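> Predicted model follows, preceded by the sequence.
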Amino acid sequence: MQTLIRAVRSQCRISSDFGSSNFRYFNSLSSVASGRKLNCNSPPNHGYVAPSLPLFNERSKFGTMSVSAASTWRNLTTTTVPVDSPLREPTASETDMPARIKFKRLDKTARHIMQILDKEAVEEVKTQREIPDIKPGYIIQLKLEVPENKRRITTIKGIVIARRNAGLHTTFRLRRLVAGVGVESLLPLYSPNIKEVKILDKKKVRRAKLYYLREKMNALRK
């Protein structure tokens, strides 16, 4: 029981010391706000007004004390003076900057030139000799000059089973039977070794590649 009484007395002593210290602190704060410690007779004009009542008394509680202090400092105001900044003038290096030069890719330019040259070469070959439009399914007969055989002219007959369009390098695949064996020849359409092309028959086909004719023994049979 005596221990409990001592604890209560010590707690009351601590609370009284804390209240007196707070009282002295806020009395000094109010004196600074009113200008007494700065030896000023006139009220300060720093954007706030000194309170007429004391900020803290013995009967007030800590909640009222904090609100009064907060209201005192809340009246502080700051004003900014607008400064006219001069306009920034562009420098000579910025105004005289040249426009960006667009560079074209050389590979695209070369490809375009080659396409033009290829088209002109095809037209020149067509003016020299007549070259019919050969399509898959056509049975043709052509006269071919063989450089390996002393440039003798050989007649070849067969069916066109495929064609690859590549401008001047257009090729077609010709299939024929030699001694009962199927033989295929890949020939360039605009080759100078082809002296004459004659279309014998036109078969109607649905495919662009007639490779299924390789399984047939006689592809030239109607």
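Here it is on my side, so go on.

> okay, CA-based contacts and neighbour counts for the rest of this
OK.

> would you list every one of the helices in this protein?
2-34, 62-74, 92-95, 106-128 (DSSP state H).

> Each with direction, which strands does the strand ranked longest in the chain pair with?
Using DSSP state E to define each element, the chain has its longest strand at strand 152-164. Taking DSSP bridges as the criterion, strand 152-164 sits next to strand 138-146 (antiparallel), strand 171-178 (antiparallel) in its sheet.

> Where among the helices of the chain is average confidence lowest?
Note on the helices of the chain: helix 62-74 shows the lowest mean pLDDT, a mean of 47.

> how many neighbours does residue 178 have?
By other CA atoms under 10 Å, 9 other residues sit near residue 178.

> typo on my end, residue 161
By other CA under 10 Å, the residues close to residue 161 number 24.

> Could you do residue 116 as well?
By the measure other CA under 10 Å, the count of residues near residue 116 is 11.

> circling back to that earlier point, compare the strands paired with strand 152-164 and give me the one nearest residue 200.
In terms of CA to CA, the element of the strands paired with strand 152-164 nearest to residue 200 is strand 138-146, at 5.3 Å.

> export the longest strand of the chain as CSV, just CAs?
Provided in CSV are the C-alpha atoms of strand 152-164 (Å, rounded to 0.1, in the frame of the first residue of the first chain):
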residue,chain,number,x,y,z
ARG,A,152,25.4,-27.2,-134.1
ILE,A,153,21.6,-26.7,-133.9
THR,A,154,19.6,-29.4,-132.1
THR,A,155,15.9,-29.7,-132.1
ILE,A,156,14.3,-30.4,-128.7
LYS,A,157,10.6,-31.3,-128.1
GLY,A,158,9.0,-31.5,-124.7
ILE,A,159,6.5,-30.2,-122.2
VAL,A,160,7.0,-27.1,-120.0
ILE,A,161,6.5,-28.2,-116.3
ALA,A,162,7.7,-25.0,-114.6
ARG,A,163,8.6,-21.4,-115.2
ARG,A,164,10.5,-18.9,-113.0
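
> which non-adjacent residue is nearest residue 211?
residue 161 (6.5 Å; CA to CA, 6 or more residues apart in numbering).

> so what's that neighbour up against?
Contacts for residue 161 were tallied using CA atoms under 8 Å, 6 or more residues apart in numbering; they are 136-137, 172-175, 208-211, 213.
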